[in-house]
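> Kindly generate the corresponding structure for this input.
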Amino acid sequence: MAEMKQYVILGLGIFGSTIAKTLSQYNHEVIAIDKDLACVDRVSDFVTQAIQADFTDIDQLRAIGIQDCDAAVVATGSHLEESIMGVMNLRELGIPFIMAKAKNKKYMQILQKIGADYVVRPEKEMGERVAKKLVSRNIIDLIDIDDDYSIVEIAAPAKWVGKTLKALELRTNYGINVLGIRKNPKEHLSISPDAFYTIETNDQLLVIADNKIFKKFESLFRI
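Prediction:
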């Protein structure tokens, strides 16, 4: 069982409350903070502590006792001053890992400079993810690893059916490596398939791919 950790979420809009709820579902302790009581009440049923407070005030955060948390998320994003104060206060209190939300590249750069360990831009990242899925209907899901590579789950192209992974030479021909295969959407993923596995009609392949192939996915799936 994974070690239970303690997280603090500053800002309980849709983004922050979703993170808080998901972390709670994974049996982690979550302290959720917002100055809006309605937002606090919305998460109170599933987090460890839901507290109405102004997280730009370091004394209030210190009084709550977040100093022992393993990680924190500044989830406001749209209000730069609040985000800056939140990150600075968390850094002052010694939180080991700080994630922050930013609405644009300028905000991201500022938050990184003042001490955020990781800055996420949800709208931009989701927009890119949706666009890549639109490039080809064969894409079921994808996760960007970095600027160069993504892990992608794809429906096996029709012309791959009946051929072995070895015969397809996917790494050489298409720049992708197969990490796992799912026999159908309801089955568990089988990791590290044998090179002589034969692709079947309903197979879904989990692959790691160079992002450049997204520019030619349509031709890839017409092979």
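
> per-domain residue ranges of the protein.
6-120, 125-220 (automatic domain parsing).

> Least confident of the ones you listed, on average?
Ranked by mean pLDDT, those bottom out at domain 125-220, with a mean of 81.

> would JSON lines of the domains of the chain with mean neighbour count be doable?
Using the backbone N, CA and C atoms, a C-beta is placed for each residue, glycine as well. Listed next are these as JSON lines, based on neighbours: other CB atoms under 10 Å:
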{"stretch": "domain 6-120", "mean neighbour count": "19"}
{"stretch": "domain 125-220", "mean neighbour count": "15"}
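
> Strands of this structure, residue ranges please.
6-10, 29-34, 49-52, 71-74, 97-101, 118-120, 139-144, 149-155, 176-182, 190-191, 204-210 (DSSP state E).

> May I see those organised as JSON lines, with distance to residue 81 added?
What follows is these, written out as JSON lines (distance: least, CB to CB, whole Å):
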{"stretch": "strand 6-10", "distance to residue 81": "13"}
{"stretch": "strand 29-34", "distance to residue 81": "16"}
{"stretch": "strand 49-52", "distance to residue 81": "20"}
{"stretch": "strand 71-74", "distance to residue 81": "12"}
{"stretch": "strand 97-101", "distance to residue 81": "13"}
{"stretch": "strand 118-120", "distance to residue 81": "16"}
{"stretch": "strand 139-144", "distance to residue 81": "29"}
{"stretch": "strand 149-155", "distance to residue 81": "34"}
{"stretch": "strand 176-182", "distance to residue 81": "43"}
{"stretch": "strand 190-191", "distance to residue 81": "46"}
{"stretch": "strand 204-210", "distance to residue 81": "40"}
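
> Out of those strands, which is closest to residue 109?
The closest of these to residue 109 is strand 118-120. By CB to CB, the value is 8.4 Å.

> how far does the closest one sit from the chain's center?
Relative to its parent chain, strand 118-120 has a centroid offset of 10 Å by CA atoms, centre = their mean, to the nearest Å.

> Spit out the contact partners of the residue nearest to the spatial centre of the chain.
Nearest to the mean C-alpha position of the chain, counting by CA atoms, centre = their mean, stands residue 143 at 7.6 Å. By CB atoms under 8 Å, 6 or more residues apart in numbering, the contact list for residue 143 reads 150, 151, 152.

> now residue 156
Residue 156 touches 199, 200, 201, 202, 203, 204, 205, counting by CB under 8 Å, 6+ apart.

> cool, residue 91 as well?
98, 114, 115.

> isn't the last one right up against residue 98?
Yes. With contacts counted by CB atoms under 8 Å, residue 115 reaches residue 98, the gap being 6.5 Å.

> quick one: residue 67 from residue 91, how far?
12 Å (CB to CB, to the nearest Å).

> ok, now residue 6?
Taken as CB to CB, the span from residue 6 to residue 91 is 17 Å.

> what do you get for residue 205?
Residue 205 is 42 Å from residue 91, by CB to CB.

> any idea how far residue 184 is from residue 54?
50 Å.

> phi, psi of residue 196?
phi -100, psi 10 (degrees, to the nearest 10).

> So it is in contact with residue 164, correct?
Yes. Applying CB under 8 Å as the test, residue 196 and residue 164 come out as touching, 5.1 Å apart.

> returning to that earlier point: closest to residue 60 among the contacts of residue 156?
For the contacts of residue 156, the nearest to residue 60 is residue 204 (48.3 Å; CB to CB).
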